[in-house]
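**Q** Okay, predicted coordinates and the sequence, questions at the end:
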Amino acid sequence: MKLVIDTTESTFEEAMAAVRTAYGREIGQSQGVRNYQVPGRTVWNHNGGWFIQQWNAPMLRTWMEGLQETELLAAAWLICRKPGVYVTIPELAEFILPDEDERRRLARARRAVQAMMRLGRGVGSMGGMPFEKREKGPSAYRAAKPIVTFVRRQIKESQLYGQLTQEYPAISEAASAAR
């Protein structure tokens, strides 16, 4: 077996998850850590501390198909805007509902995150979303490059893409700039 890790594209956590997956449980690893493997090619490994969860393309596709609100798609898009960069709940709130009062924005952002987590758990993910959650400090989420590529493509293919770009012009502008 040969394991290649590109340190410019993968985070330390992703690299360690790949090593753990390749070799099974590490020497000295806590008995409480579980490795949840999925069939087929792994797109991303999520190391959640007490579990290692793999995401494959069918899981990601099913998760994306469950995002049937423009608000959820916008939240996923914002987290995937820049690979490896954390997006906080207040940043999500400001993006999703810029014209509402702060309390309402934060509530809606939290609801969007909870909905995405429920969808992820429904497709078999212990972590809930194909995003890494910051362990310390305020809640924040970031996406690895393979997830970003997959999610962006799925958003563009979504039936709600036209409505999404009307409601969130920044998405339309980013798509135009990428061409």
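**A** Thanks, I have it.
**Q** buried set for stretch 171-179?
**A** For stretch 171-179, a neighbour-count test (16 or more other CB atoms under 10 Å) marks Ile171 as buried. The C-beta positions use only the backbone N, C-alpha and C, and glycine is treated the same way.
**Q** Please read the previous query as pertaining to stretch 141-157.
**A** 141-148, 150-152, 154-155.
**Q** ok, and the closest non-adjacent residue to the residue nearest the centre of the chain?
**A** Central residue of the chain (CA atoms, centre = their mean): Phe131, 2.8 Å from the mean position. Closest residue in space to Phe131, ignoring its immediate chain neighbours: Tyr141 at 4.3 Å, by CB to CB, 6 or more residues apart in numbering.
**Q** right, and that neighbour touches Val113 too?
**A** Yes: counting by CB atoms under 8 Å, Tyr141 touches Val113, with 7.4 Å between them.
**Q** Touching both of the two, which residues are there?
**A** Overlap of the contact sets of Tyr141 and Val113 (by CB atoms under 8 Å, 6 or more residues apart in numbering) consists of Met129.
**Q** Helices of the chain, residue ranges please.
**A** All helices of the chain, identified by DSSP state H, fall at 12-23, 57-65, 70-79, 89-96, 102-122, 145-157, 161-167, 169-178.
**Q** which stretches of the protein have low pLDDT?
**A** 1-2, 7-10, 13, 23-39, 46-51, 179 (pLDDT under 70).
**Q** again, 50 this time
**A** Low-confidence segments of the chain (pLDDT under 50): 27-30.
**Q** I'd like the distance between the nearest residue to Phe95 once chain neighbours are set aside and Glu71.
**A** Nearest residue to Phe95 in three dimensions, chain neighbours excluded: Leu78, at 5.0 Å (CB to CB, 6+ apart). The gap separating Leu78 from Glu71 is 11 Å, by CB to CB, to the nearest Å.
**Q** what is in contact with the two at once?
**A** Ile96.
**Q** I'd say the residue nearest to the centre of the chain and Ile79 touch.
**A** Yes: between Phe131 and Ile79 there is a contact under CB under 8 Å: 5.5 Å.
**Q** Could you tell me which residues touch both of those two?
**A** Common neighbours of Phe131 and Ile79 (CB under 8 Å, 6+ apart) are 141-143.
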